[in-house]
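S.K.: my questions concern the predicted model and sequence given below.
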Amino acid sequence: KGVYASENRTRMKALTLLLRYSGLRIRDAVTCERARMVDGKLFLYQAKTGTPVYCPLPPTVVEALQALKSVNEKYFFWTGNGNPKSAVADAQRSFRKLFKLAAVVGHPHMFRDTFAVELLRRGVSLETTSMLLGHASIRVTEKHYKPWVKTLQDKLEVEAMKGWPTVPTPSSKTRPS
């Protein structure tokens, strides 16, 4: 139904993949301009240092985005007409239907959460994760995502044990003569 008709399935797949592998918020994803994707990388924003921040996308995401039929040459998902808030509401309704069909309890923001937690689980620093998420401060990233990552706790424990005194093993003790 609507302007996308039978293409909605393709659109939702591409949007889901983009949200999952870019960490974008739903509004940023829905209003994402095609020009922001260059050589398989998505331009996120200009960092405070003046350096552009790009997020490389897996080939499956790039292919899904390229497979979208254009309703508007400028955007992947939005027609460019009307208020972006309406486009976001449409996407959220589509996700509610999709989640219901899949018997999944959730919301589109969970893809951003998954992106962040997976980065941290794989050893990406909080600083880098924070930058990719576009957080104004690393403290925001720590507050929302650090408690979820068991590998960070494991690393803390290993580092703490490095401060322990060395306990001699039975074979290294000297025997009285």
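M.R.: Yes, it's here. Numbers count the residues shown, from 1 in each chain.
S.K.: what helices and strands are in contact with the lengthiest helix in the chain?
M.R.: Ranked by residue count, the top helix of the chain under DSSP state H comes out as helix 84-101. Under the contact criterion of 3 or more Cβ pairs under 8 Å, 6 or more residues apart in numbering; DSSP states H and E, helix 84-101 touches helix 8-22, helix 26-30. (C-beta placed from N, C-alpha, C; glycine too.)
S.K.: that one: which residues count as buried?
M.R.: Ala87, Val88, Asp90, Ala91, Ser94, Phe95, Leu98 (16 or more other Cβ atoms under 10 Å).
S.K.: just put these in CSV and tack on pLDDT and distance to Leu57.
M.R.: As requested, these are arranged in CSV below (pLDDT from 0 to 100; distance: Cβ to Cβ, whole Å):
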residue, pLDDT, distance to Leu57
Ala87, 91, 21
Val88, 94, 21
Asp90, 91, 23
Ala91, 93, 19
Ser94, 91, 21
Phe95, 94, 20
Leu98, 91, 21
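S.K.: and the strands in this protein?
M.R.: Secondary structure of the chain (DSSP state E): strands at 37-38, 41-46, 52-56.
S.K.: report the angle between the last one and strand 41-46.
M.R.: In other words, strand 52-56. 150 degrees (axes from the mean of the first three to the mean of the last three Cα atoms, to 10 degrees).
S.K.: what average pLDDT does strand 52-56 get?
M.R.: Taken as a whole, strand 52-56 carries a mean pLDDT of 91.
S.K.: just the buried positions in that strand, please.
M.R.: For strand 52-56, by 16+ other Cβ under 10 Å, it's Val53, Tyr54, Cys55.
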